[in-house]
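Trainee: Predicted model and sequence below, questions to follow.
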Amino acid sequence: MNRVSRLTCLRPGWHKRRSPDLCTQEKGQLMRFRTILALCAVMIVASCGNRTMVERTGPDELLKLRSGPGLGFNIIMGLPDGTELDLRDCVTEVGQRWCEVSLVDAPQVTGYVSADYLSGQ
């Protein structure tokens, strides 16, 4: 069966050419394909996110990844210049902008950093 004849059931008057059961099955396959395609597109866009990079910390300094948006939160780890991050959201606390990020190489590691040390911020 060629591609054109398979799609004839999707046009008006399909019941004259094809059995209703076969057309229903093909419509279901087409809907599943479209759903999978849409989900793949969403996953690709979501995985790209807003990429940013740690910069301007200095040669011997590390940007502190904190458990919350502010200096009073615990330090999770230090990030050197050039560390790639996925930017999630930014908030302002006490006049300082803090961004929630995750590590590109380890997405399960998340926390907050000062936006002053992120590229493009």
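Mentor: Yep, it's here.

Trainee: how about the nearest residue to residue 97, chain neighbours excluded?
Mentor: Excluding the flanking residues, the one nearest residue 97 by C-beta to C-beta, 6 or more residues apart in numbering is residue 115, at 3.9 Å. (Glycine included, C-beta is placed from N, CA and C.)

Trainee: Sorry, slip of the keys, the one I care about is residue 62.
Mentor: residue 78 (2.9 Å).

Trainee: in which helix or strand would I find the one you found?
Mentor: strand 75-79 (DSSP states H and E).

Trainee: and that strand, what does it pack onto?
Mentor: Applying 3 or more C-beta pairs under 8 Å, 6 or more residues apart in numbering; DSSP states H and E, one finds that strand 75-79 makes contact with strand 63-66, strand 110-114.

Trainee: Show the contacting residues for the nearest residue to residue 64 once chain neighbours are set aside.
Mentor: Residue nearest to residue 64 in three dimensions, not counting chain neighbours: residue 75, with 4.8 Å by C-beta to C-beta, 6+ apart. Counting by C-beta atoms under 8 Å, 6 or more residues apart in numbering, residue 75 makes contact with 64-67.

Trainee: Could you rerun that using 10 Å?
Mentor: With contact taken as C-beta atoms under 10 Å, 6 or more residues apart in numbering, residue 75 is in contact with 62, 64-67, 111.

Trainee: same question, residue 88
Mentor: 49-50, 99-102, 110, 112.

Trainee: Over to it: give its phi and psi.
Mentor: Per-residue torsions, residue 88: phi -100, psi -60 (degrees, to the nearest 10).
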